[in-house]
Each structure stands twice: as structure tokens, then as C-alpha cells.
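Trainee: how would this look folded up:
(one chain, ligands or ions: 1)
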Amino acid sequence: MSQATIESILKEQRTFPPSPEFAAQASISSMDEYRQLYEKAQADPAGFWAELAEQELHWFQKWDQVLDWQPPFAKWFVNGKLNLSYNCLDRHLTTWRKNKAALIWEGEPGDSRTLTYAQLHREVCQMANVYKQLGVKKGDLVGIYMPMIPEAAIAMLACARIGAAHSVIFGGFSAEALKARLLDANAKLVVTADGGFRKDKIVPLKPAVDEALQDDGVPSVDNVLVVRRTEQKIHMEPGRDHWWHDLQAGASKDCPAEPMDSEDLLFILYTSGTTGKPKGVVHTTGGYNLYTHITCKWTFDLKDTDVYWCTADVGWITGHSYIVYGPLSNGATSLMFEGAPRPSNPGCLWDVVEKYGVTIFYTAPTAIRALIKMGEHLPNARDLSSLRILGTVGEPINPEAWMWYHRVIGGGRCPIVDTWWQTETGGFMLTPLPGATATKPGSATFPFPGIIADIVDLEGNPVADNQGGYLVIKHPWPSMMRTVYGDDERFRRTYWEHIAPQDGQSLYFAGDGARRDEDGYFWVMGRVDDVINVSGHRLGTMEVESALVSHPAVAEAAVVGRPDEVKGEDVFAFVTLEGSGDGSEALAEELKAHVVKEIGAIARPSEIRFTDAMPKTRSGKIMRRLLRNLAAGQEVAGDTSTLEDRSVLDKLRGGA
Ligand code: PRX
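Mentor: Now for the predicted structure:
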């Protein structure tokens, strides 16, 4: 976050209570009601979650124990049996929702499709049967590398249906990144498409799969299922690659949902951390189903008449929890959008709101800032009066962007829910409830009922109001990640050991700094580790550094986030070269392309600065704080006395 953003957040005083009309119709309609729920959950967490699990989900078999907590390992609804795809589909078929729109898909270029619950169920059953035919069994893992088309959601739900786990790999990741994830997850099948539409271009997905799998690069993968989307000419490897529509034609529409253990693996989603290798965040069935269901229901005050639209990609946790599983478990209508605003169609989001009468709109601050730049004449020229709730996620929202969102998009009448959470948490942790909470621009406000959050110092002591500290969670919650796939030790080390209270209490800490104001509002300030947030996408600086040093010309690389007005942060790399090379513009471009090849376009450095040495401490640690200052064009702040060679800093100040 830039200094200006931090300062404007620190000064923020305005509050926006829900209007009496909004509160009157909301399912949780006052702070008293919120407090009652919160206190009830705090007093008896097991009772609170058990009651909701019983009320909100269908179980084939009830659990014996609500929570088995052996810090840091939790099991929820022990021995309970359920199926997430059953809860998202089958149970709605016996109600009037059978013919309600489950997914509305607005694709490119001009394509669209609506799937009712009955239709979605049918396609999920067919794909599940195709999986079985391709030898995928309960416990196997399916890699999903897809554009934003309904088949992406169908592929996920089909996994859940037969008890195969999925790992969705964002379609913007490169062949190298795809391969690393498929290998780590030991995927048996890959579901992909011949391509996808991204802005005005076609993204070639299948060639990346071919590259990842070439020379038996991922030995566990036996088959690839390919959805026809763009009609691109692609290679189909005989015996390995199959067209989805060919196999669908012969697949039965009958596929009973497999009763799954509450703690059976549901999915792995890779996310960046502070080391080079992305970690596989593990989520299991029962707790995830319950928590995404209830957070979606209460935070968006879901009604059967809502048309709910989350603009995320299914390749990220937001797409998993709040395009697919949370909304469908509630029987809501979830809109999926393949497009994105771009110069040739800058008003497309507002066209979609108008076309479908969207009532709930959920996006990221980076998108809001880009929309502000495009001008308010675009939303003003459309009818946005159907909107009733707005949401934001992914990074701290600066108060100016919040105010614009509220005024221009929400017409001053829509509550804004600023939801703080993470891949690891599965669902919302801090969030307003729109009929209850008076919001403050830039604050994610209060913990969801059942979430015990605090702001502490490194010893776990709560810090005073308005003092910055580490945001921690003090009690397990149903959708918490269970472990890092295949690496319990890394799980323990990454999340549970940074904050070490004297009394031995286990506190979950996933890297954010925050403060709480005198009214008890939480203000998340951003990451305090070596993770940067580029357009709401999480990137480990080490991951980008590893990509850079894998280029033969590079001796050492240090990557930092540089504040950016629209993206929040962008990637700034300092590079020292092998030998005596000075670094040319052409080499900088080559290195940027190399990072895109190793990770994907989201990691592309916006600037590379060559230097003959890095500022280091006497013990050899790169002083990133100095690099962050330099990247931001600021004076180097704070103590530099530990710097080994001060001349390095002078040279860096002067540029390359
Ligand atoms: O730094 C926080 C930021 O995004 C991180 C989690 O990233 P990821 O796992 O990719 O999930 C993004 C979508 C949930 C957090 O550690 N973050 C997310 N939401 C907010 C936020 N920062 C401030 N306010 C938010 N609402």
C-alpha cells in the first residue's frame, strides 16, 4: 500500500449505516442481532456450528463429534457423511428451484448460456460418469485448467460428486507453473479447453497442457479432457486426449453422489508464500461446505430473487467459494463472466448488470480503481438500479475507491461488504453483515460470528487500539485449511509458529498486519511478509526471484512490490548479472518474458533495475526495506547502519 493510502485510511472517520429499508428486509437486521450470534458462537462454538450444519446442509450420516482440535490440526464434523455436489444440486431438485437459473454465463464474444439447477445437475452427472470412464476414482485428483466457462464449474462439481479432489490452476499460469502444480498434486486427469477468450484475444490453453505433459513430464496424468470453446486448431494426442462433447454424448445422466467423509479431501489450491515453491492449500468437505454456505448467505443477505455476480476467476479461492460452492449450496443464481473491461468495450460490466438485473455485485479494489479511470459516464449511462449489495475483496480498499463505488455504482443506497479472507481461510473472516453493520470506507469491520480474531504483537499479546499489529485467529473454524498438501511441517511453520504466546496457545497467522480502532473496527493494512498483492493476486517475491535466477544471465535477484495506483502493487525487480554484463533494455525485456514463461503474465515485472550489488546486511541478508523505498522512488527511510557497503545504496539511488 502506498503511504498516501495508509494515511487516508488512518484518517477515515465516516460511517455508513444500512438504510432502515435495507435493514428491515435483511435476514440479520441489526448490530444487536449480530452481537447475539457472535456471543452465542463464542460461548459454545461446537453448539453453534452443529446447529447450523444440521439446519443448512444435507447429511447422509450425522457426525459423532463436531470438532477434534489437535493444534494446529482440526477435524470438523468427525465421521459425518455428505456430498458437496449433492448439497449444491440434488437437494434443490425436489423444490421449485429445480427450474431456477443456477448459473448464468455471459461469455465472449457475445455468447451466453443459462443452466437451471436441473440442467446443471444433468451435466455434472455426465461429466462425473466421463471421469469414471477415464478411470478416475474416489481419492484421485483432477487438474482443471480452464477459461471462465460453465464447464469449469461443472468439472469441479463432477469431482465433488464422485469424491475425486480437484486442483484448479488459473488459466493465466504458464505451462511451467501448470506442470509444477500437476506434479505436486499427482493429478490423474487434466480438464482443459481448446482455448479461452481473454479481452479481445484467444488464450491458447491446450498447448500449455501439451507442453506440461510432454516427454511424460507429469507421469501420473493418463488422460486429458478437452472442452471445445474457441474452435482453435489444436493437437489431440491419440489415446490421451478426448473431446468433452464426444464423451458427453455417450455418458449416462445418472450418477448418484458418493457419500463422502466430512474430512475427505475436497480440493487443493496452490497459493504463493514466502518461499519459492507455491503451497497446496488443502480444504476438506464438510467444514468447507458449511462455512462457504453460511458466509455467502449472511454476508450477501441472499434471497431467492437475487442475481448474484462475483467477477473473480474460478482459478482463485474467490471463484471456488463464491462463484461455485457457496452460492449453489444456497440455491442462488450465480453469474459467471468470461469477459473483462477493455478499451474496445469499457462498459461491459454495467451492460451485464443491466442485462440480467444483477442485485449483488462482488469485485476487487483493483477493478474498481481501473473502472474509476474509465470514467463515470459508463455506469451512469446504464440502469444499475437492480443492485442492492456491493462487495469487495483481495486487498485493502482505499477510501476514495470505496466512496466512488458507493456513490456511482451503488447509487448511495447499497451497503458495501469489504470481505477480508484468504485462500487458507476458505471463506470470509472479517466482513460487514449488510443489514446490521455500519460500514467505514476501508475497514472490513468485524469478525463473522464464530471467528475469534485479534491483533497482537509477536508474543501474542493484544495491542492497544489504533496500534498496528499482527492479525490472528484464535479458534479453529470449519473451513480453515487443514494442511499444506504433503507437508504438515510447512503448515505448522508457516501459519502457527510466527506468533508464539507464552501460554502455548495456538494462533493462526497468515501474514497480514492490521489495527483496530476505538469502535472495535478492524483495518487490514496488508501483508507483512514477502508476499505482494498485484491486482488482488498474491505473488511470493521469492517465487519471482527463483524464476529470474533460473535465467542463465542472472546471478542474483531481489523482488519487491512497488505501490501502483490501479494494481495496488506491481512487481519491481533488482537484478545482478553473471560476469560483467551491464544489462540492456533488450535483456530486461528478455527477463520479463522469462518470468512470464516460468509463472505467467500476472508475475511479469513492470521494471527491472540492473545493479552490480544488492544492499545487504553484514550477515548477507538483502535489505528489502531499502529496495522497497528505492522502487517507490522514496527517500530511504529508517536505520541503514547495518548496511555492509553504503556505496551500493548510492549507486542504486542513481538508477542502473
Ligand atoms: O493480504 C490479504 C489480502 O489478500 C490476502 C489473501 O490472498 P488470497 O489468498 O489470494 O485470497 C484473496 C481472496 C480472498 C490476504 O492475506 N486481502 C484479501 N481480502 C482483503 C485483503 N486485504 C484487505 N482487505 C480485504 N478485504
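
Trainee: Only C-alpha atoms from now on, for both contacts and neighbour counts.
Mentor: Noted.

Trainee: now the residue of the stretch 51-200 of the chain found nearest the ligand, nearest residue through space, not along the chain?
Mentor: Here the residue of the stretch 51-200 of the chain nearest the ligand is residue 170; by Cα to the nearest ligand atom that distance is 11.7 Å. Closest residue in space to residue 170, ignoring its immediate chain neighbours: residue 315 at 4.0 Å, by Cα to Cα, 6 or more residues apart in numbering.

Trainee: Next, the buried residues of stretch 577-585.
Mentor: By 16 or more other Cα atoms under 10 Å, the buried positions in stretch 577-585 come out as 577, 583.

Trainee: For that stretch, which outside residues touch it?
Mentor: Applying Cα atoms under 8 Å, 6 or more residues apart in numbering, the external contacts of stretch 577-585 come out as 552, 553, 554, 555, 556, 610, 611, 612.

Trainee: Tell me the predicted confidence for residue 290.
Mentor: Residue 290 carries a pLDDT value of 99.

Trainee: actually residue 616, not the one I wrote
Mentor: 88.

Trainee: And residue 635, by the same measure?
Mentor: 77.

Trainee: gap between it and residue 647?
Mentor: 16 Å (Cα to Cα, to the nearest Å).

Trainee: same deal with residue 405?
Mentor: Separation of residue 405 from residue 647 (Cα to Cα): 47 Å.

Trainee: Now name the helix or strand holding the residue of the stretch 51-200 of the chain closest to the ligand.
Mentor: Using DSSP states H and E, residue 170 falls within no helix or strand.

Trainee: Repeat that for residue 404.
Mentor: Per DSSP H and E, residue 404 falls inside helix 399-404.

Trainee: do the helix-or-strand element of the chain with minimal mean pLDDT and the ligand meet?
Mentor: In the chain, the helix or strand scored least confidently by mean pLDDT, DSSP states H and E is helix 3-11, which has a mean of 71. No: on the criterion Cα under 6 Å from any ligand atom, helix 3-11 is out of touch with the ligand, staying 11.7 Å away.

Trainee: now stretch 408-423
Mentor: Yes: part of stretch 408-423 sits near the ligand under the criterion Cα under 6 Å from any ligand atom, namely 418, 419, 420, 421, 422, 423.

Trainee: If I look at the nearest residue to residue 59 once chain neighbours are set aside, what pLDDT would I see?
Mentor: Setting aside the residues directly before and after it, residue 59 is nearest to residue 82 in space (Cα to Cα, 6+ apart), at 4.7 Å. The score at residue 82 is 98. That number is its pLDDT.

Trainee: mind checking how far residue 82 is from residue 61?
Mentor: 7 Å.

Trainee: Show me which of the two is the more surrounded one.
Mentor: Applying other Cα atoms under 10 Å to residue 82 and residue 61 shows that residue 82 carries more neighbours, namely 25 against 14.

Trainee: what's the spacing between the one helix or strand residue 650 maps to and its chain's center?
Mentor: If you go by DSSP H and E, residue 650 is part of helix 646-653. Counting by Cα atoms, centre = their mean, to the nearest Å, helix 646-653 is centred 38 Å from the centre of its parent chain.

Trainee: same thing with stretch 335-343?
Mentor: 17 Å.

Trainee: Just the C-alpha atoms of it, please, in PDB.
Mentor: Output of stretch 335-343 as PDB, limited to C-alpha atoms (Å, rounded to 0.1, in the frame of the first residue of the first chain):
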ATOM      1  CA  LEU A 335     -23.500 -15.300 -12.700                       C
ATOM      2  CA  MET A 336     -20.200 -16.200 -14.400                       C
ATOM      3  CA  PHE A 337     -18.500 -13.800 -16.700                       C
ATOM      4  CA  GLU A 338     -15.800 -14.600 -19.200                       C
ATOM      5  CA  GLY A 339     -15.100 -11.000 -20.300                       C
ATOM      6  CA  ALA A 340     -13.300  -8.100 -18.800                       C
ATOM      7  CA  PRO A 341     -13.500  -4.300 -19.400                       C
ATOM      8  CA  ARG A 342     -11.100  -3.200 -22.100                       C
ATOM      9  CA  PRO A 343     -10.800  -0.300 -24.400                       C
END
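
Trainee: Show me what counts as buried in it.
Mentor: Buried positions in stretch 335-343, judged by neighbour count with 16+ other Cα under 10 Å: 335, 336, 337, 338, 339, 340, 341.

Trainee: list the contacts for the first one?
Mentor: By Cα under 8 Å, 6+ apart, the residues touching residue 335 are 103, 104, 105, 106, 307, 308, 309, 310, 323.

Trainee: which ones among those residues come in contact with the ligand?
Mentor: Among those, proximity to the ligand is found for none (Cα under 6 Å from any ligand atom).

Trainee: Tell me, please, where in the stretch 551-656 of the chain the pLDDT is lower than the cut-off.
Mentor: The model of the stretch 551-656 of the chain has pLDDT under 70 over residues 637, 654-656.

Trainee: What are the boundaries of the strands in the stretch 1-150 of the chain?
Mentor: Under the criterion DSSP state E, counting those that start in this stretch, the stretch 1-150 of the chain carries strands at the ranges 65-70, 73-78, 81-82, 101-106, 112-116, 141-145.

Trainee: Among those strands, show me which one is buried the most.
Mentor: strand 141-145 (a mean of 28; mean count of other Cα atoms under 10 Å).

Trainee: Run the chain-centre distance for the next helix or strand after it.
Mentor: Downstream of strand 141-145, the first helix or strand assigned by DSSP H and E is helix 150-162. Relative to the chain's own centre, helix 150-162 is displaced by 18 Å; criterion: Cα atoms, centre = their mean.

Trainee: right, and the helix or strand after helix 150-162?
Mentor: Using DSSP H and E, the helix or strand that directly follows helix 150-162 along the chain is strand 165-168.

Trainee: Beyond that next one, next helix or strand please.
Mentor: Assignment by DSSP H and E places the next element after strand 165-168 at helix 175-185.
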